[in-house]
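Sequence and computational prediction follow.
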Amino acid sequence: MSNQPIEFRKQRELGELITDTFKFLRENFKPLLKVIFKVAGPVFLILLLAIAYFSYLGMDLFENPLLVDTAEVQVELYLISLFILLSSLIAFYVLLYGSVLHYIKSYIENAGVVNETEVYQGVKNNFGRLLGLVLLTGIITIIGLALCILPGIFVWVPLTIAPAVLIFRNNAVTNSISDSFNLVKDNWWVTFFSLFVITLLIYIIGMIFQFPLIVYVFVKTLTSVQEGSVANPGDMVDWVYVTLNVLSSLFQYLLSVVIVVAAAFIYYDLDEKKNATGSYERIAGLGASDKQ
């Protein structure tokens, strides 16, 4: 980690936002990853196991679609595994957002030195509110997408920074949502473009980790066509497919850290434009140093 900590409380152009996001991740990679796995590791493991079992059950259902008794049992297991998968996915994202944002909060408050105890305590204290926020923002986004794609995209932009608002301002759930909309107001297009570019970069990077799975499915499909067995979808899913799917999912979910860090930088950029919080703090700091 460099001696000079990264300044979060300032305005940034898109290029600087991307550069500082990856710079922060590069300088804090090991300690941040350590905190994430300590906080979210057990839930992440359950999530990966649920993905593997969910894929395995899908393979089994495809192989026995006409066996009524077996199918009924498998459908029940399929629904249970789906419930566990979704529950662990939500819990993982809550813990991921909590650990990363509290890590950044401690980093800012302690001039680049992270107090892990503060991070763990912060995640614990804010878990309920973050869970409520994730569920509520998810519902709002789904409703927006269901009404029409454009409303879903419109609400997605401010709701992406809502967790940062909750953590950095210690807000309630509804206040975090309203404050995020107020921050994005008059800066929606800039914020949208920033999030779009970051998301696109993460998608491209994620495709690299999905490449082995894509190649395997392509080869498997080509082989099945040549053998004349393409009619059975169950042949497409085997243990190699399940393993590659779990590994690609592992990297995909960990890449979400980039979005969380970028959202923190975007929050402080918008807060600086609206409230000039960082400028006031720097001026106050200069005044205090002059008196000394």
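That came through fine.

State the next helix or strand along the chain beyond the helix or strand harbouring residue 92.
Using DSSP states H and E, residue 92 falls within helix 68-109. Using DSSP H and E, the helix or strand that directly follows helix 68-109 along the chain is helix 116-147.

and that next one, what's its mean pLDDT?
Taken as a whole, helix 116-147 has an average pLDDT of 93.

Could you list the buried residues of whichever helix or strand comes after it?
The helix or strand immediately downstream of helix 116-147 is helix 149-160, counting by DSSP H and E. For helix 149-160, a neighbour-count test (16 or more other Cβ atoms under 10 Å) marks 152, 154, 155, 156, 157, 158, 159, 160 as buried. No exception for glycine: its C-beta is placed from N, CA and C like everyone else's.

list the helices and strands helix 149-160 packs on?
helix 116-147, helix 173-184, helix 188-227, helix 256-275 (3 or more Cβ pairs under 8 Å, 6 or more residues apart in numbering; DSSP states H and E).

Need those helices in CSV (columns: distance to residue 34).
Below are the helices and strands packed on helix 149-160 laid out as CSV (distance: least, Cβ to Cβ, whole Å):
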stretch, distance to residue 34
helix 116-147, 8
helix 173-184, 27
helix 188-227, 21
helix 256-275, 13
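
Highest mean neighbour count out of those?
Most buried of the helices and strands packed on helix 149-160, by mean neighbour count (mean count of other Cβ atoms under 10 Å): helix 256-275, with a mean of 21.

by contact count, what packs against that one?
Using 3+ Cβ pairs under 8 Å, 6+ apart, helix 256-275 is in contact with helix 14-27, helix 68-109, helix 149-160, helix 162-169, helix 173-184, helix 188-227, helix 277-291.

between those helices, which gets nearest to residue 249?
Closest to residue 249 of the helices and strands packed on helix 256-275 is helix 188-227 (Cβ to Cβ; 9.1 Å).

Just to check, residue 137 is in contact with residue 158?
No - under the criterion of Cβ atoms under 8 Å, residue 137 is not in contact with residue 158, lying 9.4 Å apart.

Low-confidence stretches in the stretch 51-200 of the chain?
Along the stretch 51-200 of the chain, segments meeting pLDDT under 70 span 58-74.

again, 50 this time
Low-confidence segments of the stretch 51-200 of the chain, defined by pLDDT under 50: 65-68.

how about stretch 210-225 as CSV, C-alpha atoms only?
Listed next in CSV are the C-alpha coordinates belonging to stretch 210-225 (Å, rounded to 0.1, in the frame of the first residue of the first chain):
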residue,chain,number,x,y,z
GLN,A,210,-16.3,-17.7,-18.6
PHE,A,211,-14.3,-18.6,-21.6
PRO,A,212,-13.3,-22.1,-20.5
LEU,A,213,-17.0,-22.9,-19.9
ILE,A,214,-18.1,-21.4,-23.2
VAL,A,215,-15.4,-23.5,-25.0
TYR,A,216,-16.4,-26.6,-23.2
VAL,A,217,-20.1,-26.2,-24.1
PHE,A,218,-19.3,-25.4,-27.7
VAL,A,219,-17.1,-28.6,-28.0
LYS,A,220,-19.7,-30.7,-26.2
THR,A,221,-22.5,-29.4,-28.5
LEU,A,222,-20.4,-30.0,-31.6
THR,A,223,-19.6,-33.5,-30.5
SER,A,224,-23.3,-34.2,-29.7
VAL,A,225,-24.3,-33.0,-33.2
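
Renumber starting at 28 from here on
In the new numbering, first residue 28, that becomes stretch 237-252.

What's the separation between the spatially closest residue to residue 156 that is not a sequence neighbour and residue 206?
Spatially, and ignoring its direct neighbours in sequence, residue 156 is nearest to residue 200 (5.6 Å; Cβ to Cβ, 6 or more residues apart in numbering). Going from residue 200 to residue 206 by Cβ to Cβ, to the nearest Å gives 11 Å.

Report the spatially nearest residue to the residue most central in space within the chain, omitting neighbours in sequence.
What sits nearest the mean C-alpha location of the chain, by Cα atoms, centre = their mean, is residue 283, with 3.5 Å. Of all residues not flanking residue 283 in the chain, residue 123 sits nearest, at 6.2 Å (Cβ to Cβ, 6+ apart).
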